[in-house]
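Asks: the following comprises the amino acid sequence and a computationally predicted model.
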Amino acid sequence: MIRDYQAADIDQILGIWLSASVKAHNFIEPEFWKSMIGMMRDVYIPASETLVYEKEGEVVGFYSLYENNLAAIFVRPGLQGKGLGSALIYDAKNRREKIQLTVYKDNIPSIKFYEKHGFNLLGEQIDEHTGHPELIMEYHS
């Protein structure tokens, strides 16, 4: 079930975000992601419209929209590839006519996931936090 984020979900969300970020971005040191936990908890999640995928009473995935930007979409690593991410992105696409996102150029599985869900390449930039190249992608309904 996809539902609105509640404050009690934060620890589960941060755990998913950290483990999935480290797994998906093996080209970035895990310490970087650990250093960002406070910003996720105190700035990014509160500023965003966040929805969670709850299964059997546990949060197993989430996404965050900031205006028309998909700021985050993560599924617990052990449950990836089972349709949860597709359900989350489908829900996000139903809430916006247009969605933009950035994805690391080296994160090939995520790029393929976004392409499969109708996102097109708009351009490329360098992430100011890590110095790694990112692709800018966009979806129009």
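Replies: Noted; the coordinates are in hand. Residues are numbered from 1 along each chain as shown.
Asks: what segments of this protein are helices?
Replies: Assigned by DSSP state H, the chain shows helices spanning 10-24, 30-35, 37-39, 45-47, 84-95, 108-116.
Asks: helices and strands around the second one, which ones?
Replies: Of the remaining helices and strands, those touching helix 30-35 by 3 or more Cβ pairs under 8 Å, 6 or more residues apart in numbering; DSSP states H and E are helix 10-24. Yep, even glycine has a C-beta here, placed from its N, CA and C like the rest.
Asks: how about the longest one?
Replies: In this structure, helix 10-24 makes packing contacts with helix 30-35, strand 49-55, strand 58-66, strand 69-75, judged by 3+ Cβ pairs under 8 Å, 6+ apart.
Asks: which neighbours does the third one have in its sheet, and in what orientation?
Replies: Pairing partners of strand 58-66, with direction, according to DSSP bridges: strand 49-55 (antiparallel), strand 69-75 (antiparallel).
Asks: now the first one against helix 84-95, angle please.
Replies: It refers to strand 49-55. Going by axes from the mean of the first three to the mean of the last three Cα atoms, to 10 degrees, strand 49-55 is angled at 140 degrees with respect to helix 84-95.
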